[in-house]
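Enquirer: After the sequence you'll find the predicted model.
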Amino acid sequence: MYDLILKNGKVVSPEATLEYDIAIANGKIVALGQFDESLATRVIDVKGKYIMPGVIEAHMHCQAPFQGCLGANTFYEQSISGAFGGVTMFMDFANMSKGDSPYKQVLARAEEMAESAIDYSVHGKFVESTEEAISDIKKLSEYGIPTFKMFMTYKKEGVMSDDETLLKVFKVAKSVNGLPMLHCESNAIAEMNIDECISKNDMSWVNFAKCKPVLCEAEAFDRAVNYAEYIDTAILVVHTTNGKALDTARRVQSKGLPVYVETGPHYLTLFDDLYKGENGHLAICSPPLRTPKEAEELWQGLQDGTILLTGSDDCTFDVDEKSMFLEKNENGTWKQDFTKVVNGLSGLEVRLPILLSEGVNKGRLTINNVCALTSTNIAKIYGCFPQKGIIAPGSDADIVIVDMEKEVTLSKEVLHNNISYCLHEGMKIKGYPIMTISKGKVIVEDGKFLGEKGAGQFIKRKINPEYLKKYGLN
Ligand code: DUC
Ligand code: ZN
Ligand code: ZN
């Protein structure tokens, strides 16, 4: 007897869309084919709908102390918001300051995440390369954490890795089949520009973006890639925003160097004109929003396989946190000072809808591409495939059912992210998740959350060494 049969759906993988039933028992997919309804406790007819592997979010910052703020959600609340966007597993980063043990910080973070309703994992983070810190790389990888994040900027915030640290982490990560993850922005360029704005006393929202132009990102991207080439190791660059960086990636990917690239939905759909508005501080994130030209370059990168991953870089700060260090002018407008605004945008819940609508329904991507970009490729590169990321016998029954005809106008009211604004307010979406299943249990149905606090489990990860030797996930 099965617990659940999903009948008549169009089952999506990166390669194909095929119609068959899915039989689920004990949290796992047990068979694909055609099944009699009498064989299951519950049968859901999903005729005409698409059945996709649950979205995996490998890039978010929840309850992460940063620039004096923490974020609006607990991990449980974050898991609810994610579930409405089809997310069935997420990964956050260890909180690290100098002197902290990366290993201990990962364990502490995993404990914090245990209240999640969906499965979860943690990435290690490196802010220095002391002997103790570096020796944790092996321990982390043995524990099931093979991914290690480093920031190439945020020196003043105390989380930047210097070049020596990058090189050391690259080298040791390589020896344990690990994957360094990079936030690429040149601290030197950003800091010089920011200091100039401060000395001119012009810290407008518009100037924020000017301080961190394409070249600020592209220089750090190039440097990270050069170091990867030197060590001959794999890296993953998060939240890439522009074609200049992609050209660097193309150059080395074509030689087989495993440089994996992620972009996020906000860089595809939101632009730097937002910084011209009075509330432009709500759109402050790093790297900053760019122009439609760069977004077009990113769509091309998604189409030609230069970008194999998407991540939301979710930082759900409400207006109170975004504004907490700002003052107002006599006329009630903001005294614009970008140095006092926490960086980050909310995006966890809208990543799949945006890719379905702007990607599939606008003819830029196939639904199979979106499956790869939101789930299969993420599971592969982060080391939890085939437990996650695919609808196949033996895999966890983490599933999102999508109605490609469903139209939703994005607004703060339709999202579940606990904040009082939506940067995509008014954006018309066609193609939306309508049901989310986590390990065989329906956790979102008919607009209601049915999951349980603490039901998520920590997922140990191990990356297929082939993906780390040569570019590509096939
Ligand atoms: N970028 C953001 O916008 N926020 C948090 C960290 C980051 O890299
Ligand atoms: Zn970042
Ligand atoms: Zn991030």
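Expert: Thanks, I have it. Please read these numbers as outputs of a predicted model, since none were measured by experiment. Ligands and ions are numbered 1, 2, ... in the order given.

Enquirer: from here on, contacts and neighbour counts on C-alpha atoms
Expert: Noted.

Enquirer: I would like the residues contacting the longest helix along the chain, please.
Expert: Taking DSSP state H as the criterion, the chain has its longest helix at helix 214-231. Here helix 214-231 makes contact (CA atoms under 8 Å, 6 or more residues apart in numbering) with 152, 166-167, 170-171, 182, 184-186, 189-190, 234-235, 237, 241-242, 244-245, 248-249, 257, 259, 287.

Enquirer: Buried residues in it, which are they?
Expert: Buried residues in helix 214-231, defined by neighbour count with 16 or more other CA atoms under 10 Å: 214-225, 227-229.

Enquirer: Please save the CA atoms from that helix in CSV.
Expert: Extracted in CSV, the C-alpha atoms of helix 214-231 (Å, rounded to 0.1, in the frame of the first residue of the first chain):
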residue,chain,number,x,y,z
VAL,A,214,30.3,45.8,-13.0
LEU,A,215,34.1,46.1,-12.9
CYS,A,216,34.1,45.9,-9.1
GLU,A,217,32.5,42.5,-9.4
ALA,A,218,34.3,41.4,-12.6
GLU,A,219,37.7,42.1,-11.1
ALA,A,220,37.0,39.9,-8.1
PHE,A,221,35.4,37.3,-10.3
ASP,A,222,38.6,37.2,-12.5
ARG,A,223,40.8,37.0,-9.5
ALA,A,224,38.8,34.1,-8.0
VAL,A,225,38.9,32.3,-11.3
ASN,A,226,42.7,32.9,-11.7
TYR,A,227,43.3,31.4,-8.3
ALA,A,228,41.0,28.4,-9.1
GLU,A,229,43.0,27.9,-12.3
TYR,A,230,46.3,28.2,-10.4
ILE,A,231,45.2,25.6,-7.8
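
Enquirer: just so I have it, where are all the strands in the stretch 151-300 of the chain?
Expert: 179-183, 235-237, 259-263 (DSSP state E, counting those that start in this stretch).

Enquirer: I'd like these as TSV, with distance to ligand 1 appended.
Expert: Below are the strands of the stretch 151-300 of the chain laid out as TSV (distance: least, CA to the nearest ligand atom, whole Å):
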stretch	distance to ligand 1
strand 179-183	6
strand 235-237	11
strand 259-263	12
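
Enquirer: Which among those is found nearest to Ser357?
Expert: strand 259-263 (16.5 Å; CA to CA).

Enquirer: I'd like the average pLDDT over that closest one.
Expert: Averaged over strand 259-263, pLDDT sits at 99.

Enquirer: Same check on stretch 369-384?
Expert: So the average pLDDT for stretch 369-384 ends up being 99.

Enquirer: What lies in contact with it?
Expert: 12-14, 52-58, 146-147, 308-311, 352, 355-356, 359-360, 385-386, 388-390, 459-464, 467, 473.

Enquirer: Among these, which lie within strands?
Expert: Residues of these located in strands (DSSP state E): 12, 52-53, 55-57, 147, 309-310.

Enquirer: among those residues, which two are most distant?
Expert: Pairwise across the ones in strands among the contacts of stretch 369-384, and taking CA to CA, the largest span is found between Val12 and Thr147, at 27.4 Å.

Enquirer: ok so Glu306 is a helix residue?
Expert: For residue 306 the amino acid is Thr, not Glu. No - Thr306: not assigned to a helix; according to DSSP: H, G, I helix; E, B strand; the rest coil it is coil.

Enquirer: what's around Trp334, how many residues?
Expert: 17 (other CA atoms under 10 Å).

Enquirer: Next one: it, what pLDDT does it get?
Expert: You'll see Trp334 listed with a pLDDT of 98.

Enquirer: Mind listing the residues bridging to it?
Expert: Lys328 (DSSP bridges).

Enquirer: any idea how far it is from ligand 1?
Expert: 20 Å (CA to the nearest ligand atom, to the nearest Å).

Enquirer: Val12 and Thr147: who's more crowded?
Expert: Thr147 (27 against 22).
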